[in-house]
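J.: sequence and predicted structure, then a few things I'm wondering about:
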Amino acid sequence: MPTNGPKRMINKRYSSVTSLSRKLMLYFSAIAILVGLLLYVTSLGVMQWIEDQVSQNELQQSQVYAISEFKGEANRPLSIGLHTMAYYSLDTVPVQYGDVSRYPIDYIGEVVSDSPYSALGDVLPKLLSNLDGQQFEEFFLLKSEFEYQGLRYPLYLITPSETIELSDNEWLVIKLAVFIIILLLFIAFGFAMHKLSKRLIEPVVQLNRQLKSASLPQAFTVPETSAAEFNQLAQSLNFYRQQTDAMIKQEQSFARYASHELRTPLTVIMGAAKLLEQDVSEAFQAKQRDRILRSAIGMQQTVDALLQLVKQEKGTEPDVPRPLQQQEVDSILESLQPLAKSKSVKLTLQFELAPIILLKPAVVKILLTNLISNAIHASDTGEIIIVITKGKISVKDQGRGLDKAVKEVSDGHGLGLLIVDALCQRYQLIFSLTANTSSGCSANLVLPLLYFPSAQSAK
């Protein structure tokens, strides 16, 4: 079965950025052509309408003059200007104009003489008559009437269309000019659209190319002319890449430290088990059993810490605010007393105020056990003071100091501090190591700002 099936499905389902750019240009071209045609037809129609309106306005202005002239016994028919003729009797209207009496009083417009399509308006009769191949007289007509000596007379003002309208050659020039202007606009907008789409798509193409490259670049980049959002995207990719690299390194170090911490008690257990076979004295066997028990307890604490980290990572258990109980801390200190006595270290608890925390008892045990154990290992003698206030937990030792503690962590020892740091990141605690003024150092846990009671006695 071919292994590139999912990739083929993805290619079928999703289009590439380049194909989307082509589709965008295709859609723009189709819309631009449609808009260009509409603009072309509209502009020619508006020019035709303006031409007709000018001719009709001239007829209306000539109407008053014709009536006054006819009342003054002017020659009939009356010539007005170069192209307009006025008639007050149907008999005097030339036959070539057809039956103009069929039009109503106060009619004004362009007509086609005796065309069967005359009832359709001004423009359609000319178009349909030309399609029929018939030749009809086109003219502008104004039909009115006036009263003279108690009688009403009809008035016809006629202007041949060919004398005042643009010629076919003139219309051809205008059409070509409009077409060229629209074509230039189409080219200009198409060029601008191409540039804009390229500017929008080029950053995505560049990022995709960088992601697919065999060797990833030191940092993801986009062209300087890219939009601000693409620069933010590149910065976010760089940030998450750094976070991922740091997390991978942390997990690798974490696994290395964990294997070291687990290998040590296993070595002790195996060695103690072999020693049990060599000496059957009760005191010797009790000592080896105690070594095995302490190593097993240490392994169990390490495994518990790792399991708790996994549970917290998966988010399987909700965090519920609760007060930290002094009994929890006393139980933890009691379990660490044997280790402290072996180093001649005294554990002292100063429980000043019980804070409200989001930590489960197992997490509290892991945190305090690792902090106090690390302080015991760093001390040869002296006292370790555990101070708990409303917003802070401190473990102060009199050991070898901060430089030694940091070196143990960097050399692969002290998984406890790494576990503490990981838990602090997940529970939004602030963990720090500070040097004491006299000797030793302090491990501090700053709790998140939840609800802290104003006063509560340690119980």
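T.: Okay, I see it.
J.: where along the chain do the strands fall?
T.: For the chain, the strands defined by DSSP state E cover 78-80, 84-87, 107-112, 138-148, 151-160, 322-323, 345-351, 356-357, 382-388, 392-396, 430-435, 441-446.
J.: Leu275 is nearest to which of those?
T.: Nearest of those to Leu275, taken as Cβ to Cβ: strand 345-351 at 27.0 Å. (C-beta placed from N, C-alpha, C; glycine too.)
J.: other SSEs contacting the closest one?
T.: helix 326-342, strand 382-388 (3 or more Cβ pairs under 8 Å, 6 or more residues apart in numbering; DSSP states H and E).
J.: the last one pairs with which strands, and in what direction?
T.: Which is strand 382-388. Paired neighbours of strand 382-388 in the sheet (DSSP bridges): strand 345-351 (parallel), strand 392-396 (antiparallel).
J.: determine which stretch of the ones you listed is the most buried.
T.: Greatest average neighbour count among those goes to strand 392-396 (a mean of 20), per mean count of other Cβ atoms under 10 Å.
J.: now that one and helix 326-342, what's the angle there?
T.: Per axes from the mean of the first three to the mean of the last three Cα atoms, to 10 degrees, the angle that strand 392-396 makes with helix 326-342 is 10 degrees.
J.: and the angle for strand 392-396 with strand 430-435?
T.: 30 degrees.
J.: which residues does strand 392-396 contact?
T.: Defining contact as Cβ atoms under 8 Å, 6 or more residues apart in numbering, one finds that strand 392-396 is touched by 367-368, 371-372, 375, 384-387, 436, 440-447.
J.: low-confidence ranges in the stretch 301-450 of the chain?
T.: Within the stretch 301-450 of the chain, the stretches with pLDDT under 70 are 305-306, 308-318, 403-416, 449-450.
J.: name the residues of stretch 356-366 that are buried.
T.: 356-360, 363-366 (16 or more other Cβ atoms under 10 Å).
J.: try stretch 427-435
T.: Buried-residue list, stretch 427-435, by 16+ other Cβ under 10 Å: 427, 429, 431, 433.
J.: now the contacts of strand 392-396: which count as buried?
T.: 367-368, 371-372, 375, 384-387, 440-445, 447.
J.: just give me the closest of the residues you listed to Gly150.
T.: Leu447 (113.4 Å).
J.: of the helices and strands packed on strand 345-351, give the one that comes closest to Arg199.
T.: strand 382-388 (59.3 Å).
J.: for the chain, what's the longest helix?
T.: Longest helix of the chain, by residue count under DSSP state H: helix 17-71.
J.: now do that one against strand 138-148, angle only.
T.: In terms of direction (the same axes, to 10 degrees), helix 17-71 departs from strand 138-148 by 40 degrees.
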